[in-house]
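Colleague: Requesting a structural model of the entry that follows:
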Amino acid sequence: LTDSELRILIQKMPLLLCLSTDDNIEPTLAYFQSRLGLSDSKLRIMIQKHPTLLGLSIDGNIEPKFQYLQSRLGLSDSKLRETINRFPALLGLSIDGNIEPKLCYLQERLHMNEKQVGKIINRQPTILARSVDNKLEPNIAWLHKRLNLTDAEVSKIIWKQPNLLYLSILEKMDPSLLWLKKRLNL
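Modeller: Predicted coordinates:
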C-alpha cells in the first residue's frame with residue numbers, strides 16, 4: 001500500500017494499529033486468500049474497501065458465516081467467493097438478527113425455495129443489508145400495485161432483476177415507468 005492508501009485504511013479502522021499482525025491480521029489475510037482463492041490484488045482491494053474484515057474472528061465469525069451461507073443458500077465454493085467479492089460487508093452482518101430473517105422473508109414473500117433465494121443473493125448480496133420494512137416490502141408492494149402483478153409475476157421479475165428490491169421507487173422506478181408510458185404512448 002502507498003502511504004496515502006495506508007492513511008485512508010487507518011482512518012477507516014484505527015483498530016488495525018491495535019491488532020497483532022501475527023495473531024490477527026496475517027492469519028485473517030491468509031485465510032481469505034486460501035478460502036476464497038483471492039489473488040494479492042483482489043485481497044488488497046477487498047481490505048481497502050472493508051478494513052473492518054480484519055477485525056473479525058476466523059473461528060467465531062468468518063468461517064461460521066461461510067458455512068452458514070453455503071448450507072443455507074446452497075452456494076458452492078465458487079458461488080460463495082462471488083457473493084463475498086460482491087459484498088464483503090456481508091461478513092459483518094448478524095446471521096440471527098439480519099441474514100436469516102431476510103432470507104425467510106424473501107422465501108415466504110416471493111414464494112421461492114432456498115436455492116432460488118440463494119441465486120438471488122449470489123447476484124445481489126447487498127439485498128441482505130436492506131431494511132424489510134423500509135425497502136424490500138415497499139418495493140415488492142409497489143410492483144404489485146403499480147403494475148397490477150400477481151405474486152408469481154413479481155417473483156419472476158425479481159428473479160430476473162433482483163436489484164428492483166432496493167432501487168428507489170421515487171428516484172428510479174416510478175420515473176422510469178412514467179417516462180416509458182409517455183415515450184411509448186402507453
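Colleague: CA only for contacts and neighbour counts going forward, please
Modeller: Fine.
Colleague: now residue 99, what's its secondary structure?
Modeller: What DSSP: H, G, I helix; E, B strand; the rest coil gives for residue 99 is helix.
Colleague: ok, how many other residues are close to the nearest residue to residue 66 once chain neighbours are set aside?
Modeller: Closest residue in space to residue 66, ignoring its immediate chain neighbours: residue 80 at 7.4 Å, by Cα to Cα, 6 or more residues apart in numbering. When neighbours are defined as other Cα atoms under 10 Å, residue 80 has 20 of them.
Colleague: what sits up against the strand or helix carrying residue 80?
Modeller: If you go by DSSP states H and E, residue 80 is part of helix 77-86. Helix 77-86 has contacts (Cα atoms under 8 Å, 6 or more residues apart in numbering) with 36-37, 46, 66, 69-70, 90-91, 121-125.
Colleague: How far does that helix sit from its chain's centre?
Modeller: Computed by Cα atoms, centre = their mean, to the nearest Å, the chain-centroid distance of helix 77-86 equals 10 Å.
Colleague: Could you do stretch 63-70 as well?
Modeller: 14 Å.
Colleague: in this structure, which spans are strands?
Modeller: Using DSSP state E, the chain contains no strands.
Colleague: Okay, now the unreliable bits of it?
Modeller: Of all residues in the chain, none has pLDDT under 70.
Colleague: What segments of it are helices?
Modeller: Ranges of helices in the chain, per DSSP state H, are 3-12, 26-36, 40-49, 63-73, 77-86, 100-110, 114-123, 137-147, 151-160, 174-183.
Colleague: Go through the contacts of helix 77-86 and name the one nearest residue 176.
Modeller: Using Cα to Cα, residue 124 is the member of these that lies nearest residue 176, at 20.9 Å.
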